[in-house]
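[1] Here is my input, please return the structure:
(chains A and B)
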Amino acid sequence: MATDTAIRTEEFQVNMGPQHPSTHGVFRMVLTMDGERVVDCEPHIGFLHRSMEKMAENRLYIQFLPMADRIDYLSSMFCAVAHCEAVEQFMEIEVPPRAKYLRTMFMELNRIASHCIFFGVFALDLGAVTPFLYGFRERELTMDLLEMTSGQRITFNYVRFGGVAADLPESFFPAVERFIKVFPGRVTDYERILNENEIFLARTKGIGVVDAARAINYGWSGPNLRSSGVDFDLRQNMPYEAYGELGYEPVVLPNGDCYDRYLARILEMRASHALIKKCMEGLPEGPTQKEKVSKFPKLPAGEVYVRVESPRGDYGLYLVSDGTDKPYRYKLRTPSFNNLSMIREMLRGVYLADIVPIFGSLDVILPDVDR
Amino acid sequence: MRLFRAVGRIVKGTWWLLVGIVTTTKHLLRHAITVQYPKERFEQWPRFRGRVAMVAGDDGGHKCVACAQCIPVCPAACITLERHREEGVKGFIVDAYVIDLGLCIYCGLCVEACKFDALAMIPEYEMSVYDKAELVYDIPKLLSRQLEPEFKR
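    Below is the predicted model:
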(Lines give C-alpha, C1' and ligand atoms only; values in the text may rest on other atoms or scores of the structure.)
Protein backbone atom coordinates (compact mmCIF):
# COMPACT_ATOMS: atom_id res chain seq x y z
CA MET A 1 0.00 0.00 0.00
CA ALA A 2 1.35 3.39 -0.90
CA THR A 3 2.09 5.64 2.01
CA ASP A 4 0.03 8.57 0.80
CA THR A 5 -3.21 6.58 0.91
CA ALA A 6 -2.63 5.21 4.42
CA ILE A 7 -4.69 6.75 7.18
CA ARG A 8 -2.58 9.28 8.93
CA THR A 9 -3.28 10.17 12.50
CA GLU A 10 -2.47 13.34 14.28
CA GLU A 11 -1.70 13.71 17.95
CA PHE A 12 -3.86 15.96 19.98
CA GLN A 13 -4.00 17.03 23.58
CA VAL A 14 -6.76 16.45 26.09
CA ASN A 15 -6.90 18.05 29.48
CA MET A 16 -8.19 15.79 32.25
CA GLY A 17 -8.85 17.45 35.55
CA PRO A 18 -8.26 19.26 37.86
CA GLN A 19 -12.00 19.12 38.44
CA HIS A 20 -12.55 15.66 36.99
CA PRO A 21 -14.66 13.57 39.39
CA SER A 22 -12.52 10.47 39.08
CA THR A 23 -9.26 12.20 39.93
CA HIS A 24 -10.34 12.04 43.60
CA GLY A 25 -9.54 15.60 44.42
CA VAL A 26 -7.75 18.04 42.23
CA PHE A 27 -5.24 16.39 39.94
CA ARG A 28 -4.61 17.49 36.39
CA MET A 29 -3.34 15.35 33.55
CA VAL A 30 -2.47 16.80 30.17
CA LEU A 31 -2.85 13.82 27.86
CA THR A 32 -1.32 13.62 24.43
CA MET A 33 -3.61 11.30 22.51
CA ASP A 34 -3.32 9.41 19.28
CA GLY A 35 -6.90 8.44 18.60
CA GLU A 36 -7.98 6.41 21.61
CA ARG A 37 -4.41 5.69 22.73
CA VAL A 38 -2.50 7.76 25.24
CA VAL A 39 0.91 8.76 23.88
CA ASP A 40 2.04 10.79 26.83
CA CYS A 41 0.67 12.12 30.06
CA GLU A 42 1.89 15.13 31.92
CA PRO A 43 0.68 15.08 35.52
CA HIS A 44 0.24 18.32 37.43
CA ILE A 45 0.01 18.21 41.19
CA GLY A 46 -0.03 20.89 43.83
CA PHE A 47 -3.60 22.17 43.61
CA LEU A 48 -4.22 21.10 47.18
CA HIS A 49 -0.93 22.22 48.66
CA ARG A 50 -1.49 23.55 52.18
CA SER A 51 2.17 23.64 53.28
CA MET A 52 1.56 21.23 56.12
CA GLU A 53 5.28 20.79 56.75
CA LYS A 54 5.87 24.51 57.16
CA MET A 55 2.81 24.82 59.38
CA ALA A 56 4.24 22.13 61.62
CA GLU A 57 7.52 24.00 61.86
CA ASN A 58 5.71 27.10 63.08
CA ARG A 59 3.68 25.40 65.77
CA LEU A 60 4.19 23.65 69.06
CA TYR A 61 4.06 19.88 68.92
CA ILE A 62 0.69 19.77 70.66
CA GLN A 63 -0.69 22.45 68.36
CA PHE A 64 0.10 20.45 65.27
CA LEU A 65 -1.50 17.31 66.67
CA PRO A 66 -5.06 18.01 65.43
CA MET A 67 -3.63 19.31 62.17
CA ALA A 68 -1.78 16.07 61.50
CA ASP A 69 -5.23 14.53 61.14
CA ARG A 70 -5.77 16.70 58.10
CA ILE A 71 -2.74 15.56 56.12
CA ASP A 72 -4.59 12.52 54.88
CA TYR A 73 -8.16 12.93 55.93
CA LEU A 74 -9.29 9.41 55.04
CA SER A 75 -6.74 7.86 57.35
CA SER A 76 -6.15 10.56 59.91
CA MET A 77 -5.41 8.19 62.78
CA PHE A 78 -2.19 7.12 61.07
CA CYS A 79 -0.83 10.63 60.66
CA ALA A 80 -1.57 11.43 64.29
CA VAL A 81 0.05 8.18 65.49
CA ALA A 82 3.16 8.91 63.45
CA HIS A 83 3.36 12.40 64.96
CA CYS A 84 2.94 11.10 68.49
CA GLU A 85 5.38 8.24 68.00
CA ALA A 86 8.03 10.64 66.77
CA VAL A 87 7.60 12.88 69.81
CA GLU A 88 7.53 9.86 72.13
CA GLN A 89 10.79 8.55 70.68
CA PHE A 90 12.38 11.92 71.42
CA MET A 91 11.01 11.99 74.95
CA GLU A 92 11.93 8.32 75.42
CA ILE A 93 8.62 7.33 76.96
CA GLU A 94 6.90 3.99 76.75
CA VAL A 95 3.19 3.99 75.97
CA PRO A 96 1.01 1.91 78.31
CA PRO A 97 -0.07 -1.41 76.76
CA ARG A 98 -3.76 -0.54 76.75
CA ALA A 99 -3.09 2.65 74.86
CA LYS A 100 -1.03 0.69 72.36
CA TYR A 101 -3.87 -1.71 71.76
CA LEU A 102 -6.39 1.09 71.45
CA ARG A 103 -4.21 2.88 68.93
CA THR A 104 -3.78 -0.31 66.93
CA MET A 105 -7.48 -1.04 66.97
CA PHE A 106 -8.46 2.43 65.86
CA MET A 107 -5.85 2.41 63.15
CA GLU A 108 -7.35 -0.80 61.81
CA LEU A 109 -10.87 0.62 62.03
CA ASN A 110 -9.66 3.63 60.15
CA ARG A 111 -8.05 1.37 57.55
CA ILE A 112 -11.36 -0.39 57.01
CA ALA A 113 -13.10 2.97 56.62
CA SER A 114 -10.52 4.04 54.07
CA HIS A 115 -10.72 0.79 52.10
CA CYS A 116 -14.53 0.98 52.13
CA ILE A 117 -14.22 4.35 50.43
CA PHE A 118 -11.78 2.86 47.94
CA PHE A 119 -14.16 0.01 47.19
CA GLY A 120 -17.08 2.35 46.64
CA VAL A 121 -15.28 4.99 44.69
CA PHE A 122 -13.32 2.60 42.50
CA ALA A 123 -16.52 0.87 41.46
CA LEU A 124 -18.24 4.21 40.97
CA ASP A 125 -15.43 5.30 38.65
CA LEU A 126 -16.12 2.22 36.56
CA GLY A 127 -19.82 3.01 36.43
CA ALA A 128 -21.27 0.87 39.22
CA VAL A 129 -23.32 2.79 41.76
CA THR A 130 -24.42 0.04 44.16
CA PRO A 131 -20.94 -0.71 45.59
CA PHE A 132 -20.60 2.97 46.43
CA LEU A 133 -23.65 2.78 48.66
CA TYR A 134 -22.51 -0.54 50.12
CA GLY A 135 -19.07 0.83 50.91
CA PHE A 136 -20.43 3.90 52.61
CA ARG A 137 -22.89 1.83 54.63
CA GLU A 138 -20.08 -0.15 56.25
CA ARG A 139 -17.94 2.91 56.60
CA GLU A 140 -20.71 4.33 58.74
CA LEU A 141 -20.29 1.43 61.19
CA THR A 142 -16.60 2.15 61.68
CA MET A 143 -17.21 5.89 61.77
CA ASP A 144 -19.73 5.39 64.57
CA LEU A 145 -17.18 3.44 66.59
CA LEU A 146 -14.57 6.12 66.05
CA GLU A 147 -16.98 8.93 66.78
CA MET A 148 -18.31 7.58 70.04
CA THR A 149 -14.74 7.20 71.32
CA SER A 150 -12.94 10.21 69.95
CA GLY A 151 -15.76 12.69 69.47
CA GLN A 152 -15.50 13.29 65.75
CA ARG A 153 -15.96 11.30 62.62
CA ILE A 154 -12.97 12.15 60.48
CA THR A 155 -10.55 14.41 62.33
CA PHE A 156 -10.40 12.41 65.51
CA ASN A 157 -7.66 14.11 67.51
CA TYR A 158 -7.63 11.01 69.67
CA VAL A 159 -3.94 10.19 70.09
CA ARG A 160 -1.87 12.04 72.65
CA PHE A 161 1.78 12.04 73.62
CA GLY A 162 2.15 8.99 75.81
CA GLY A 163 -1.25 7.45 75.22
CA VAL A 164 -4.71 8.25 73.96
CA ALA A 165 -7.19 10.95 74.91
CA ALA A 166 -9.87 8.81 76.51
CA ASP A 167 -10.74 5.25 77.36
CA LEU A 168 -13.48 3.37 75.54
CA PRO A 169 -17.01 4.46 76.41
CA GLU A 170 -19.61 1.96 77.61
CA SER A 171 -21.51 2.10 74.33
CA PHE A 172 -18.42 0.96 72.44
CA PHE A 173 -18.45 -2.68 73.49
CA PRO A 174 -21.86 -3.74 72.13
CA ALA A 175 -21.25 -1.69 68.99
CA VAL A 176 -17.88 -3.25 68.26
CA GLU A 177 -19.29 -6.70 68.93
CA ARG A 178 -21.98 -6.05 66.39
CA PHE A 179 -19.41 -4.75 63.94
CA ILE A 180 -17.21 -7.82 64.37
CA LYS A 181 -20.21 -10.05 63.82
CA VAL A 182 -21.65 -8.24 60.84
CA PHE A 183 -18.63 -7.12 58.87
CA PRO A 184 -17.36 -10.38 57.27
CA GLY A 185 -20.78 -10.96 55.73
CA ARG A 186 -20.70 -7.49 54.27
CA VAL A 187 -17.28 -8.11 52.72
CA THR A 188 -18.72 -11.27 51.21
CA ASP A 189 -21.40 -9.03 49.70
CA TYR A 190 -18.67 -6.87 48.21
CA GLU A 191 -16.94 -9.87 46.74
CA ARG A 192 -20.12 -11.26 45.30
CA ILE A 193 -21.07 -8.01 43.67
CA LEU A 194 -17.76 -7.23 41.95
CA ASN A 195 -15.23 -10.07 42.01
CA GLU A 196 -16.78 -12.03 39.17
CA ASN A 197 -18.61 -9.24 37.45
CA GLU A 198 -17.97 -9.52 33.68
CA ILE A 199 -17.74 -5.79 33.07
CA PHE A 200 -15.57 -5.25 36.10
CA LEU A 201 -13.18 -8.02 35.07
CA ALA A 202 -12.97 -6.75 31.50
CA ARG A 203 -12.03 -3.31 32.71
CA THR A 204 -9.51 -4.29 35.39
CA LYS A 205 -7.89 -7.67 34.56
CA GLY A 206 -4.56 -7.20 32.86
CA ILE A 207 -4.86 -3.41 32.88
CA GLY A 208 -2.01 -1.31 34.28
CA VAL A 209 0.32 -4.21 35.04
CA VAL A 210 3.28 -3.30 37.21
CA ASP A 211 5.92 -5.89 38.02
CA ALA A 212 7.72 -6.13 41.32
CA ALA A 213 11.00 -4.58 40.17
CA ARG A 214 9.31 -1.52 38.73
CA ALA A 215 7.12 -1.09 41.80
CA ILE A 216 10.15 -1.17 44.08
CA ASN A 217 12.12 1.21 41.85
CA TYR A 218 9.36 3.79 42.05
CA GLY A 219 9.12 3.49 45.81
CA TRP A 220 5.67 2.01 45.88
CA SER A 221 4.31 0.78 49.17
CA GLY A 222 1.18 -0.52 50.77
CA PRO A 223 -1.44 -2.65 49.01
CA ASN A 224 -0.17 -1.44 45.62
CA LEU A 225 3.27 -2.92 46.25
CA ARG A 226 1.92 -6.10 47.78
CA SER A 227 -0.37 -6.72 44.84
CA SER A 228 2.73 -6.73 42.64
CA GLY A 229 4.03 -9.73 44.54
CA VAL A 230 6.35 -8.05 47.03
CA ASP A 231 5.95 -9.32 50.57
CA PHE A 232 6.54 -6.12 52.50
CA ASP A 233 4.30 -4.78 55.19
CA LEU A 234 5.53 -2.59 58.01
CA ARG A 235 3.06 -4.26 60.35
CA GLN A 236 4.96 -7.51 59.87
CA ASN A 237 8.46 -6.36 58.95
CA MET A 238 8.91 -3.44 61.34
CA PRO A 239 6.18 -3.87 63.95
CA TYR A 240 5.13 -0.81 65.89
CA GLU A 241 2.48 -0.29 68.57
CA ALA A 242 0.81 -3.65 69.30
CA TYR A 243 1.39 -5.28 65.92
CA GLY A 244 4.40 -7.19 67.21
CA GLU A 245 2.30 -8.96 69.83
CA LEU A 246 -0.71 -9.48 67.60
CA GLY A 247 1.18 -10.80 64.61
CA TYR A 248 0.14 -10.05 61.08
CA GLU A 249 0.31 -11.95 57.82
CA PRO A 250 0.33 -9.55 54.86
CA VAL A 251 -1.88 -9.96 51.83
CA VAL A 252 0.35 -10.58 48.81
CA LEU A 253 -0.99 -11.02 45.30
CA PRO A 254 1.06 -11.93 42.22
CA ASN A 255 -0.27 -10.16 39.13
CA GLY A 256 0.09 -6.44 39.77
CA ASP A 257 -2.85 -5.36 37.62
CA CYS A 258 -5.81 -3.18 38.57
CA TYR A 259 -7.84 -6.21 39.63
CA ASP A 260 -5.18 -7.40 42.06
CA ARG A 261 -4.82 -3.95 43.52
CA TYR A 262 -8.57 -3.97 44.11
CA LEU A 263 -8.55 -7.50 45.53
CA ALA A 264 -5.63 -6.74 47.86
CA ARG A 265 -7.73 -4.10 49.57
CA ILE A 266 -10.74 -6.35 49.90
CA LEU A 267 -8.57 -9.04 51.50
CA GLU A 268 -6.94 -6.44 53.73
CA MET A 269 -10.35 -5.50 55.05
CA ARG A 270 -10.72 -9.08 56.22
CA ALA A 271 -7.24 -9.04 57.73
CA SER A 272 -7.99 -5.78 59.54
CA HIS A 273 -11.21 -7.25 60.82
CA ALA A 274 -9.27 -10.20 62.26
CA LEU A 275 -6.82 -7.78 63.90
CA ILE A 276 -9.66 -5.81 65.51
CA LYS A 277 -11.08 -9.05 66.83
CA LYS A 278 -7.69 -10.01 68.27
CA CYS A 279 -7.31 -6.54 69.79
CA MET A 280 -10.68 -6.74 71.51
CA GLU A 281 -9.91 -10.21 72.86
CA GLY A 282 -6.48 -9.33 74.16
CA LEU A 283 -7.22 -5.79 75.31
CA PRO A 284 -5.09 -5.32 78.45
CA GLU A 285 -6.35 -3.47 81.49
CA GLY A 286 -4.59 -0.44 82.82
CA PRO A 287 -4.16 3.26 82.17
CA THR A 288 -4.60 4.73 78.73
CA GLN A 289 -2.27 7.64 79.29
CA LYS A 290 1.20 7.72 80.74
CA GLU A 291 1.39 10.03 83.68
CA LYS A 292 3.41 13.22 83.86
CA VAL A 293 3.92 13.68 80.16
CA SER A 294 4.47 17.33 79.37
CA LYS A 295 1.89 18.96 77.13
CA PHE A 296 4.48 21.37 75.76
CA PRO A 297 7.51 19.15 75.35
CA LYS A 298 10.89 20.68 74.66
CA LEU A 299 12.55 17.95 72.66
CA PRO A 300 16.31 17.43 72.73
CA ALA A 301 18.25 18.18 69.57
CA GLY A 302 18.33 15.26 67.20
CA GLU A 303 16.39 13.52 64.50
CA VAL A 304 14.01 10.62 64.23
CA TYR A 305 12.29 8.78 61.42
CA VAL A 306 8.98 7.07 62.07
CA ARG A 307 7.23 4.75 59.65
CA VAL A 308 3.59 3.77 59.83
CA GLU A 309 1.71 1.46 57.48
CA SER A 310 -1.21 3.60 56.39
CA PRO A 311 -3.98 2.26 54.09
CA ARG A 312 -2.09 3.82 51.20
CA GLY A 313 1.32 2.55 52.17
CA ASP A 314 4.43 3.52 54.04
CA TYR A 315 3.80 6.83 55.78
CA GLY A 316 7.10 8.26 56.94
CA LEU A 317 7.81 11.21 59.19
CA TYR A 318 11.30 12.64 59.46
CA LEU A 319 11.44 14.96 62.42
CA VAL A 320 14.46 17.11 63.23
CA SER A 321 14.52 18.98 66.49
CA ASP A 322 16.97 21.73 67.41
CA GLY A 323 16.17 21.65 71.11
CA THR A 324 13.25 24.08 71.08
CA ASP A 325 9.54 23.39 71.49
CA LYS A 326 8.91 23.52 67.76
CA PRO A 327 10.20 21.15 65.06
CA TYR A 328 13.17 22.34 63.04
CA ARG A 329 12.17 20.19 60.08
CA TYR A 330 9.02 18.18 59.63
CA LYS A 331 9.45 16.14 56.47
CA LEU A 332 6.64 13.88 55.38
CA ARG A 333 7.09 10.92 53.09
CA THR A 334 3.54 10.33 52.09
CA PRO A 335 2.68 7.08 50.32
CA SER A 336 0.28 8.64 47.83
CA PHE A 337 2.99 10.82 46.35
CA ASN A 338 5.28 7.89 45.64
CA ASN A 339 2.43 5.73 44.40
CA LEU A 340 1.39 8.45 42.01
CA SER A 341 4.90 8.99 40.66
CA MET A 342 4.56 6.15 38.17
CA ILE A 343 1.36 7.48 36.59
CA ARG A 344 3.14 8.90 33.53
CA GLU A 345 4.86 5.63 32.70
CA MET A 346 1.77 3.58 33.47
CA LEU A 347 -0.49 5.57 31.20
CA ARG A 348 1.72 5.46 28.10
CA GLY A 349 0.07 3.29 25.48
CA VAL A 350 -3.18 2.55 27.28
CA TYR A 351 -6.66 3.43 26.06
CA LEU A 352 -8.35 6.58 27.26
CA ALA A 353 -10.98 4.52 29.06
CA ASP A 354 -8.30 2.68 31.05
CA ILE A 355 -6.98 5.84 32.67
CA VAL A 356 -9.77 5.89 35.22
CA PRO A 357 -9.33 2.29 36.49
CA ILE A 358 -5.54 2.69 36.61
CA PHE A 359 -5.70 5.95 38.50
CA GLY A 360 -8.49 4.71 40.73
CA SER A 361 -6.74 1.47 41.61
CA LEU A 362 -3.72 3.36 42.95
CA ASP A 363 -6.00 4.76 45.67
CA VAL A 364 -4.10 7.99 46.00
CA ILE A 365 -5.60 10.85 47.91
CA LEU A 366 -4.62 14.27 46.72
CA PRO A 367 -4.23 16.07 50.07
CA ASP A 368 -1.75 13.34 50.88
CA VAL A 369 0.14 13.94 47.63
CA ASP A 370 0.34 17.71 47.97
CA ARG A 371 0.03 18.01 51.76
CA MET B 1 -27.08 -27.32 19.97
CA ARG B 2 -27.61 -23.64 19.31
CA LEU B 3 -31.13 -23.90 20.59
CA PHE B 4 -29.94 -25.47 23.83
CA ARG B 5 -27.41 -22.71 24.30
CA ALA B 6 -30.01 -20.04 23.67
CA VAL B 7 -32.42 -21.63 26.12
CA GLY B 8 -29.60 -21.99 28.65
CA ARG B 9 -28.81 -18.32 28.32
CA ILE B 10 -32.43 -17.34 28.82
CA VAL B 11 -32.68 -19.53 31.93
CA LYS B 12 -29.42 -18.18 33.33
CA GLY B 13 -30.40 -14.59 32.59
CA THR B 14 -33.78 -15.06 34.24
CA TRP B 15 -32.13 -16.62 37.28
CA TRP B 16 -29.79 -13.67 37.79
CA LEU B 17 -32.66 -11.29 37.19
CA LEU B 18 -34.55 -13.09 39.97
CA VAL B 19 -31.52 -12.85 42.27
CA GLY B 20 -31.44 -9.11 41.67
CA ILE B 21 -35.16 -8.74 42.36
CA VAL B 22 -34.87 -10.78 45.56
CA THR B 23 -32.02 -8.54 46.77
CA THR B 24 -34.01 -5.42 45.98
CA THR B 25 -37.09 -6.77 47.76
CA LYS B 26 -35.01 -7.69 50.80
CA HIS B 27 -33.73 -4.14 51.01
CA LEU B 28 -37.26 -2.82 50.60
CA LEU B 29 -38.32 -4.65 53.74
CA ARG B 30 -35.37 -3.50 55.81
CA HIS B 31 -35.51 -0.30 57.79
CA ALA B 32 -33.98 2.74 56.13
CA ILE B 33 -30.43 3.76 56.97
CA THR B 34 -30.92 7.32 55.84
CA VAL B 35 -32.44 10.02 58.00
CA GLN B 36 -34.65 12.81 56.66
CA TYR B 37 -32.33 15.45 57.97
CA PRO B 38 -34.10 18.68 58.84
CA LYS B 39 -37.09 16.78 60.23
CA GLU B 40 -35.24 13.98 61.98
CA ARG B 41 -31.76 14.10 63.38
CA PHE B 42 -29.17 11.61 64.48
CA GLU B 43 -28.68 11.42 68.19
CA GLN B 44 -25.21 12.60 69.10
CA TRP B 45 -22.76 10.52 71.09
CA PRO B 46 -22.00 11.90 74.54
CA ARG B 47 -18.44 12.69 73.51
CA PHE B 48 -19.40 14.48 70.31
CA ARG B 49 -17.35 17.62 69.80
CA GLY B 50 -19.54 20.40 68.51
CA ARG B 51 -18.77 24.00 69.21
CA VAL B 52 -16.97 25.34 72.26
CA ALA B 53 -19.08 26.76 75.05
CA MET B 54 -18.39 28.20 78.46
CA VAL B 55 -19.72 26.31 81.44
CA ALA B 56 -21.84 28.39 83.78
CA GLY B 57 -20.96 28.34 87.45
CA ASP B 58 -23.41 28.24 90.33
CA ASP B 59 -24.05 31.98 90.02
CA GLY B 60 -24.77 31.71 86.29
CA GLY B 61 -21.55 33.45 85.36
CA HIS B 62 -18.52 31.94 83.71
CA LYS B 63 -15.82 30.04 85.58
CA CYS B 64 -12.84 31.43 83.70
CA VAL B 65 -9.96 32.65 85.87
CA ALA B 66 -7.92 33.99 82.94
CA CYS B 67 -5.07 31.56 83.42
CA ALA B 68 -4.56 31.50 79.62
CA GLN B 69 -3.85 27.78 79.50
CA CYS B 70 -6.15 27.37 76.51
CA ILE B 71 -4.34 29.89 74.35
CA PRO B 72 -1.01 28.16 73.61
CA VAL B 73 -2.64 24.82 72.73
CA CYS B 74 -5.04 26.29 70.17
CA PRO B 75 -3.78 25.31 66.72
CA ALA B 76 -5.77 27.99 64.96
CA ALA B 77 -5.07 30.76 67.51
CA CYS B 78 -8.75 31.63 67.61
CA ILE B 79 -8.97 32.48 71.32
CA THR B 80 -8.52 36.08 72.46
CA LEU B 81 -8.25 36.86 76.15
CA GLU B 82 -8.01 40.27 77.74
CA ARG B 83 -7.31 40.43 81.45
CA HIS B 84 -5.99 42.78 84.09
CA ARG B 85 -5.03 42.72 87.74
CA GLU B 86 -6.70 44.79 90.40
CA GLU B 87 -5.34 45.80 93.77
CA GLY B 88 -6.64 43.71 96.58
CA VAL B 89 -8.11 41.05 94.31
CA LYS B 90 -6.40 37.72 93.98
CA GLY B 91 -5.75 36.56 90.44
CA PHE B 92 -6.82 38.11 87.18
CA ILE B 93 -10.03 39.76 86.15
CA VAL B 94 -11.35 38.79 82.73
CA ASP B 95 -12.11 41.73 80.48
CA ALA B 96 -12.96 39.79 77.35
CA TYR B 97 -12.87 36.21 76.25
CA VAL B 98 -13.59 35.80 72.56
CA ILE B 99 -13.51 32.68 70.43
CA ASP B 100 -13.69 33.09 66.68
CA LEU B 101 -15.55 29.96 65.64
CA GLY B 102 -14.83 30.78 62.03
CA LEU B 103 -11.21 29.90 62.75
CA CYS B 104 -11.86 27.15 65.29
CA ILE B 105 -11.08 23.62 64.09
CA TYR B 106 -13.12 21.91 66.82
CA CYS B 107 -10.19 19.88 68.13
CA GLY B 108 -11.13 20.19 71.79
CA LEU B 109 -7.61 20.82 73.06
CA CYS B 110 -8.67 24.00 74.87
CA VAL B 111 -11.29 22.04 76.81
CA GLU B 112 -8.65 19.53 77.83
CA ALA B 113 -6.21 22.26 78.82
CA CYS B 114 -8.75 24.04 81.05
CA LYS B 115 -8.08 23.05 84.63
CA PHE B 116 -11.13 24.89 85.98
CA ASP B 117 -13.81 23.20 83.83
CA ALA B 118 -14.74 26.53 82.36
CA LEU B 119 -14.97 25.23 78.80
CA ALA B 120 -16.87 22.36 77.21
CA MET B 121 -17.66 21.09 73.73
CA ILE B 122 -21.42 21.10 73.27
CA PRO B 123 -23.16 18.99 70.63
CA GLU B 124 -24.18 21.92 68.47
CA TYR B 125 -23.18 21.50 64.87
CA GLU B 126 -25.46 23.68 62.77
CA MET B 127 -23.19 26.65 62.69
CA SER B 128 -23.84 28.26 59.33
CA VAL B 129 -24.49 31.98 59.38
CA TYR B 130 -24.80 34.68 56.76
CA ASP B 131 -22.14 36.92 58.22
CA LYS B 132 -18.74 35.80 59.49
CA ALA B 133 -18.94 38.33 62.31
CA GLU B 134 -21.74 36.28 63.84
CA LEU B 135 -19.24 33.50 64.41
CA VAL B 136 -17.18 35.60 66.79
CA TYR B 137 -18.42 34.44 70.17
CA ASP B 138 -17.95 36.55 73.26
CA ILE B 139 -18.73 35.54 76.86
CA PRO B 140 -22.56 35.97 76.81
CA LYS B 141 -22.78 34.10 73.52
CA LEU B 142 -20.48 31.34 74.77
CA LEU B 143 -22.64 31.00 77.87
CA SER B 144 -25.92 31.07 75.93
CA ARG B 145 -26.24 27.31 75.56
CA GLN B 146 -25.23 24.89 78.24
CA LEU B 147 -24.17 21.28 78.15
CA GLU B 148 -26.97 18.81 78.74
CA PRO B 149 -26.27 16.52 81.73
CA GLU B 150 -25.83 13.37 79.61
CA PHE B 151 -23.04 15.03 77.70
CA LYS B 152 -20.87 15.63 80.76
CA ARG B 153 -17.40 14.23 80.23
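[2] The chain: strands as residue ranges?
    Going with chain A. For chain A, the strands defined by DSSP state E occupy A:12-16, A:28-34, A:37-44, A:159-160, A:163-164, A:302-310, A:313-321, A:327-333.
[3] hm, I was asking about chain B
    Counting by DSSP E, the strands of chain B are B:52-54, B:79-85, B:92-100, B:119-121, B:136-137.
[4] For A:F118, which non-adjacent residue is closest in space?
    A:D363 (4.8 Å; Cβ to Cβ, 6 or more residues apart in numbering or on different chains). Every C-beta, even on glycine, is put in place using the N, C-alpha and C of the backbone.
[5] That neighbour and A:G313 touch, don't they?
    No: here A:D363 does not reach A:G313: they are 9.1 Å apart, not a contact under Cβ atoms under 8 Å.
[6] is stretch B:62-71 up against chain A anywhere?
    No: using Cβ under 8 Å from any Cβ of the partner chain, stretch B:62-71 never reaches chain A; the gap is at least 9.0 Å.
[7] Could you tell me the end-to-end distance of that stretch?
    17 Å (Cα to Cα, to the nearest Å).
[8] Over to stretch A:207-227?
    13 Å.
[9] Quick one, which of the strands of chain B gets closest to A:D257.
    Proximity to A:D257 (Cβ to Cβ) singles out strand B:119-121 among those, at 46.8 Å.
[10] residue contacts, the residue in chain B that chain A sits nearest to?
    Here the residue of chain B nearest chain A is B:C107; by Cβ to the nearest Cβ that distance is 3.5 Å. Contacts for B:C107 (Cβ atoms under 8 Å, 6 or more residues apart in numbering or on different chains) come out as A:L65, A:P66, A:T155, A:N157, B:R49, B:P75.
[11] Save the strands of chain A as CSV, and put in distance to chain B, mean neighbour count and mean pLDDT too.
    Output for those, formatted as CSV (distance: least, Cβ to the nearest Cβ, whole Å; neighbours: other Cβ atoms under 10 Å in any protein chain shown; pLDDT from 0 to 100):
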stretch, distance to chain B, mean neighbour count, mean pLDDT
strand A:12-16, 33, 13, 86
strand A:28-34, 28, 17, 88
strand A:37-44, 29, 16, 88
strand A:159-160, 9, 26, 88
strand A:163-164, 12, 25, 86
strand A:302-310, 20, 20, 89
strand A:313-321, 17, 22, 89
strand A:327-333, 14, 18, 89
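[12] want to throw those into JSON lines with distance to A:E140?
    Below are these laid out as JSON lines (distance: least, Cβ to Cβ, whole Å):
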{"stretch": "strand A:12-16", "distance to A:E140": "31"}
{"stretch": "strand A:28-34", "distance to A:E140": "32"}
{"stretch": "strand A:37-44", "distance to A:E140": "33"}
{"stretch": "strand A:159-160", "distance to A:E140": "23"}
{"stretch": "strand A:163-164", "distance to A:E140": "23"}
{"stretch": "strand A:302-310", "distance to A:E140": "21"}
{"stretch": "strand A:313-321", "distance to A:E140": "25"}
{"stretch": "strand A:327-333", "distance to A:E140": "29"}
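[13] joint contacts of A:D363 and A:G313?
    What both A:D363 and A:G313 touch, as defined by Cβ under 8 Å, 6+ apart, is the set A:P223, A:N224, A:N339.
[14] Lovely, talk soon.
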